[in-house]
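Participant: Have a look at this prediction, sequence included:
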Amino acid sequence: MKRLTIKDIAKEFNVSISTVSKALNDSYEISVSTKEKIQKFAKEKNYKPNFNALSLKNRQTKTIGIIIPNMLNYFFAQVFNGIEKVANEKGYKIISCISNESFNKEVEIIEMLSNGSIDGFILSLSEETIVKNDYKHFEETINNGTPIVMFDRVAENIDCDKVVTDNFDSARSTVAHLVKSGHKNIAFISTISNLEIGKRRNLGYLKGLEDANLPVDTNLIINIDDDYKNYESILTPIFANNKIDCVLATDESSAIAAMKVAIKKGHKIPENFSVISFSNGILARHSSPRMTTVSQHGEIMGATAAKMLIDRLDKKTEEKKPQTIVVKTDLVVRNSTKRI
């Protein structure tokens, strides 16, 4: 059953949240009859106060809640490092949780930590939340006085601070780089086609082809949502039946699978086949050959998100409207692409 919030009580009696808060705290500013009614209702409904919402102004835990969608993605580890550095410098502790791409888990974590355990959240949306398009748990949290900063996967219609990557522009400019290297049959492999960031990268890829006057071959837009262990077996027949001379992938695992399939097919990397992946993690640095990547600067993203949240908590930007900061990507050229 959904926990009763101070907002629900306010709605019941058609009064403001602040009136309910004062009534529950037995304030002299509220009439005795109103206080009694509100207190009786709260008791009957087994209302548990959300200490963050009731007394955020005069108490701070100096703790931030971090929610990341999965722990296998090196990009999220980089973001986490960036958050931790800034939090330590500013005297904040962190509680980190993993939603495991689950909507229910995400809701559960928010409810668990919103009882006064933390002062604010830094989070990236779970895949299920995006697919469900249900963001009520974030709205309630913000309305109850707990600020949220979203990064990478964000909900456009939620009024909070956000840190994002220039997904469209970076995919577009990466295609331009591949075209300059002499490639014409550029495949796009996405493991995040149902996420907004995946859609933006796909659109950037298509714009890059358009800029270069290259036709769109839908067979070369490969959406995989299977387990990473099956990537090679999924890609092998696609590579066998289509003319492909390079790959832009949304993640390192699918890029490495593509690299292996290309080598098995007899391609030489980077002489006549190139591979580029988003993210700039351990896999790319240790693959053979070492992989060219679109670096999303996870640490900068994490540090930016932490600074935004702490500035709001320390009342430096309390009155400011929420803002969105775009972190620009860089192409880190290694051995999986030809030098231009």
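Facilitator: In hand now; what should we look at? Residues are numbered from 1 along each chain as shown.
Participant: wait, Lys162 sits on Ile148?
Facilitator: No - taking contacts as Cβ atoms under 8 Å, Lys162 lies outside contact range of Ile148: 9.3 Å. For the C-beta atoms, the positions are set from N, CA and C on the backbone; glycine is no exception.
Participant: Between those two, which is the more surrounded one?
Facilitator: Comparing Lys162 with Ile148 by other Cβ atoms under 10 Å, the one with more neighbours is Ile148, at 24 against 21.
Participant: What separation do you get for that one and Pro322?
Facilitator: Per Cβ to Cβ, to the nearest Å, Ile148 is found 9 Å from Pro322.
Participant: What of Lys243?
Facilitator: Using Cβ to Cβ, we find Lys243 at a distance of 47 Å from Pro322.
Participant: And those two? Which one has more around it.
Facilitator: Each of Lys243 and Pro322 has its neighbours counted (other Cβ under 10 Å); Pro322 has more, 17 against 11.
Participant: show me what contacts Lys22?
Facilitator: Lys22 sits next to Glu29, Ile30 when contact means Cβ atoms under 8 Å, 6 or more residues apart in numbering.
Participant: From Lys40, how far out is it?
Facilitator: 16 Å.
Participant: do Ile310 as well
Facilitator: Distance check for Ile310 against Lys40: by Cβ to Cβ, it reads 40 Å.
Participant: And Ile30, by the same measure?
Facilitator: According to Cβ to Cβ, Ile30 stands 14 Å off from Lys40.
Participant: what about Ile310 and Lys40, which has more around it?
Facilitator: Each of Ile310 and Lys40 has its neighbours counted (other Cβ under 10 Å); Ile310 has more, 25 against 10.
Participant: show me what contacts that one?
Facilitator: With Cβ under 8 Å, 6+ apart, Ile310 has these contacts: Ile64, Val86, Ala87, Lys90, Tyr92.
Participant: what secondary structure does the first one sit in?
Facilitator: Assigned by DSSP: H, G, I helix; E, B strand; the rest coil, the conformation of Ile64 is strand.
Participant: Identify the residues contacting it.
Facilitator: Ile64 neighbours (Cβ under 8 Å, 6+ apart): 83, 87, 92-95, 118-122, 306, 309-310.
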